[in-house]
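A.B. asks: Okay, sequence plus prediction incoming.
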Amino acid sequence: MKTAMPVSSNNPPTVGRFAPTPSGGMHLGNLFCAVMAWLAARKENGSFILRIEDLDASRCQQEFADQMEQDLLWLGLTWEEGGSKGGPNPPYYQSKCAPVYEQALNFLSEKGLTYPCFCSRGELHAASAPHRSDGAYLYSGKCRGLTSEQQQELAQKKSPAIRVRLPERHFDLYDLAQGPWSHQLTSGEDFLLRRSDGVFSYQLAVVVDDIRMGVNQIVRGQDLQICTPGQQWLWGQLGGTPARYGHIPMLTDRDGRRLSKRDRDMDLTALRQRFTAQELTGWIGFVAGFLDQPEPLSMAELVPLFRWEHLSKTEITMPESFQRRLEEGL
Ligand code: GLU
């Protein structure tokens, strides 16, 4: 299966999105992703959606979602739909979309594309559990071949999670940021659609929402690239032609660690004290390879400078000069 190549003027208008999980404050790594997604959409005169991926109520908080919106607005990002603003395809909070995911899950189950999984967390994470090249666990397939009698018997003791039944299929893909790549999908990647506690999975929700909101350009971190073949396959099962995907490099600190919610000095609360919005935009444009110097400029001024081919394909280390600038501000 081939994905679409970059758009030509005959294609429908671009609809991009940023879909953060509000399990902590926004950090520079998230912001970089939001900016790249926004620039890629605006460069094509497309529209932009902000969707809050707060499925896991135990990890997510409304105040983080509110703060993320404030941080994006501070930098000068704008969106036509989503967040607290609303729009034609509500709701924009995944925690409010359970009936939509339920319907999609039932549809897949009726097509024979799901199966109940009774494995415990311990079994899934056992020392013998196989791993993918990126370190994630592969599913052993233990519950894939259970008979309906076995399923019924097990269901009396435990409510199961639901997994997708993926085909063994080779995918040739085109990524807007990474170029051509391929992947062999196997049953070891049968991902969860719903956890045993009833919470719908990221993998199901992200595809269902991108389809129902008309998203056709997905720009996100390279850490999610490995999920793309399975998500594209799911997209085909649920709703037709998948979006174009671009997986952008992760940012790292000078020790090579990916920026994360644990880095206090890279979170937006700290960055907003030390940089103006235009200064931070300049730094983002500079590390992305769109500017020769980190000179201050507005988001609108950065749009025409956006080029997929200038963006690194591998991790970007934040320059020493940026880190020094951060420390000076302390
Ligand atoms: N909510 C996901 C995250 O914050 C991103 C999902 C996506 O872009 O597909 O990592």
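C.D. replies: Good, I have the coordinates. Numbers count the residues shown, from 1 in each chain.
A.B. asks: how much space between residue 176 and residue 140?
C.D. replies: 34 Å (Cβ to Cβ, to the nearest Å). Heads up, the C-betas are built off the backbone N, CA and C, glycines and all.
A.B. asks: same deal with residue 125?
C.D. replies: Relative to residue 140, and taking Cβ to Cβ, residue 125 is found at 11 Å.
A.B. asks: So which of these two has more stuff around it?
C.D. replies: residue 140 (17 against 10; other Cβ atoms under 10 Å).
A.B. asks: Now do the contacts for that one.
C.D. replies: Residue 140 makes contact with 119, 123, 124, 129, 130, 188 under the criterion Cβ atoms under 8 Å, 6 or more residues apart in numbering.
A.B. asks: where does it fall, phi/psi-wise?
C.D. replies: Dihedral pair for residue 140: phi -70, psi -20, per degrees, to the nearest 10.
A.B. asks: Near the ligand, which residues of the stretch 101-250 of the chain are found?
C.D. replies: 206, 220, 224 (Cβ under 6 Å from any ligand atom).
A.B. asks: what's the closest of the residues you listed to the ligand?
C.D. replies: residue 220 (3.6 Å; Cβ to the nearest ligand atom).
A.B. asks: residues near the residue lying closest to the closest one once chain neighbours are set aside, how many?
C.D. replies: Nearest residue to residue 220, sequence neighbours excluded (Cβ to Cβ, 6 or more residues apart in numbering): residue 33, at 6.0 Å. Residue 33: 22 surrounding residues under other Cβ under 10 Å.
A.B. asks: is it true that residue 12 touches residue 216?
C.D. replies: Yes. The criterion here is Cβ atoms under 8 Å, and residue 12 meets it with residue 216 at 6.7 Å.
A.B. asks: what about the two, which has more around it?
C.D. replies: residue 216 (21 against 9).
A.B. asks: so who does that one touch?
C.D. replies: Here residue 216 is in contact with 12, 14, 15, 243, 244 (Cβ under 8 Å, 6+ apart).
A.B. asks: Residue 281 now?
C.D. replies: 35, 75, 76, 296, 297, 298, 299, 302.
A.B. asks: Residue 209 too?
C.D. replies: Neighbours of residue 209 in contact, by Cβ under 8 Å, 6+ apart: 19, 51, 94, 97, 100, 215.
A.B. asks: List phi and psi for it.
C.D. replies: The phi/psi pair for residue 209 (degrees, to the nearest 10) is phi -70, psi -40.
A.B. asks: Quick check: it vs residue 243, distance?
C.D. replies: According to Cβ to Cβ, residue 209 and residue 243 sit 11 Å apart.
A.B. asks: all helices for the stretch 51-200 of the chain, in order.
C.D. replies: Per DSSP state H, counting those that start in this stretch, the stretch 51-200 of the chain carries helices over the ranges 62-75, 98-110, 121-124, 148-157.
A.B. asks: Present those as TSV; the columns should include mean neighbour count and mean pLDDT.
C.D. replies: Converted to TSV, these look like this (neighbours: other Cβ atoms under 10 Å; pLDDT from 0 to 100):
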stretch	mean neighbour count	mean pLDDT
helix 62-75	18	97
helix 98-110	15	98
helix 121-124	12	82
helix 148-157	11	96
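A.B. asks: and residue 172, which of those is closest to it?
C.D. replies: Within the helices of the stretch 51-200 of the chain, the stretch nearest residue 172 is helix 98-110; the backing value is 24.3 Å (Cβ to Cβ).
A.B. asks: Which neighbouring elements make contact with that closest one?
C.D. replies: strand 161-164, strand 192-194, helix 202-212, helix 228-239 (3 or more Cβ pairs under 8 Å, 6 or more residues apart in numbering; DSSP states H and E).
A.B. asks: What average pLDDT does the last one get?
C.D. replies: Rounded to a whole number, the mean pLDDT of helix 228-239 is 96.
A.B. asks: any residues touching it, and which ones?
C.D. replies: Residues outside helix 228-239 that contact it (Cβ under 8 Å, 6+ apart) are 1, 3, 104, 107-108, 111, 113, 164, 166-167, 169, 171, 173, 175, 183, 185, 189, 191, 203-204, 206-208, 210-211, 241-243, 245, 247.
A.B. asks: Could you do the first one as well?
C.D. replies: Outside of strand 161-164, the residues within contact range by Cβ under 8 Å, 6+ apart are 105, 108-109, 113-119, 139, 143-144, 190-196, 203-204, 230, 234.
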